[in-house]
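>>> predicted model, plus sequence, below.
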Amino acid sequence: MSQADSPPDPPRHPAGLPHVFVDRSLGRIAVPRLLREAGLRLTTLAEHYGIPQDEDVEDVTWIEDTARLGWVVFMKDARIRYRPAEQEAVHAHSARCFYVTRQDLPGSIMAQWLIANLATITAACAREGPFIYAVHATEIRKMEIGLPRPS
């Protein structure tokens, strides 16, 4: 078989991109499958905590656990930027998060946006957290994380 006839190399997880954690907001099946087909190494919330326990895991728990493991988070829940407990968890554990900005997109498009932005996501991951980036169709934007109010 000549080089011209050999199958293309399978996609690979980008060098410099930490392991990816996929939150339940992106689903258990379609988005993770498409990301894996693009070469990403990832773990879903359901895989990490088990089913049905995954439905009861608080956001602050998985934020802490994934940050401690050095993983980055893919999600579609922009409200994480506004909830005091989640804000505190992102800050306290230097979490690195990326969220798809459109809640109404089909999973295939959400995966496409994440894959299209892998180079800039990987570059952002060269910096330490805490951070939250909004993922758009052709770019990512760093978002301000509100600081929790003192009690």
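Arrived safely, thanks for sending.

>>> my guess is Ala78 contacts Cys97, does it?
No: the criterion here is C-beta atoms under 8 Å, and Ala78 misses it with Cys97 at 10.2 Å. In short, each C-beta sits where N, CA and C put it, glycine included.

>>> the two: who's more crowded?
Neighbours per residue, other C-beta atoms under 10 Å: of Ala78 and Cys97, the larger number sits with Cys97, 26 against 16.

>>> partners of the host helix or strand of the more buried one in the sheet?
Assigned by DSSP states H and E, Cys97 belongs to strand 96-100. As defined by DSSP bridges, the strand partners of strand 96-100 come to strand 72-75 (parallel), strand 131-135 (parallel).

>>> packed most tightly, which of the ones you listed would that be?
With neighbours defined by mean count of other C-beta atoms under 10 Å, none of the strands paired with strand 96-100 is more surrounded on average than strand 72-75, at a mean of 24.

>>> which residues does that strand contact?
Here strand 72-75 makes contact (C-beta atoms under 8 Å, 6 or more residues apart in numbering) with 17-23, 25-26, 31, 35, 42, 62-63, 66, 95-100, 114, 121, 125.

>>> what's the answer for stretch 5-12, then?
By C-beta under 8 Å, 6+ apart, the residues outside stretch 5-12 that reach it are Glu37, Ala38, Gly39.

>>> buried set for the helix or strand of the chain with the lowest mean pLDDT?
Of all helical and strand segments in the chain, the minimum by mean pLDDT, DSSP states H and E falls on helix 84-92, at a mean of 93. Neighbour-count burial for helix 84-92, counted by 16 or more other C-beta atoms under 10 Å, picks out Glu86, Gln87, Ala89, Val90, His91.

>>> what of stretch 32-45?
For stretch 32-45, by 16+ other C-beta under 10 Å, it's Pro32, Leu34, Leu35, Arg36, Ala38, Leu40, Leu42, Thr43, Thr44, Leu45.

>>> and the helices in this protein, which stretches?
Using DSSP state H, the helices of the chain run over residues 30-37, 45-49, 59-69, 84-92, 107-116, 118-124.

>>> many thanks, have a good one.
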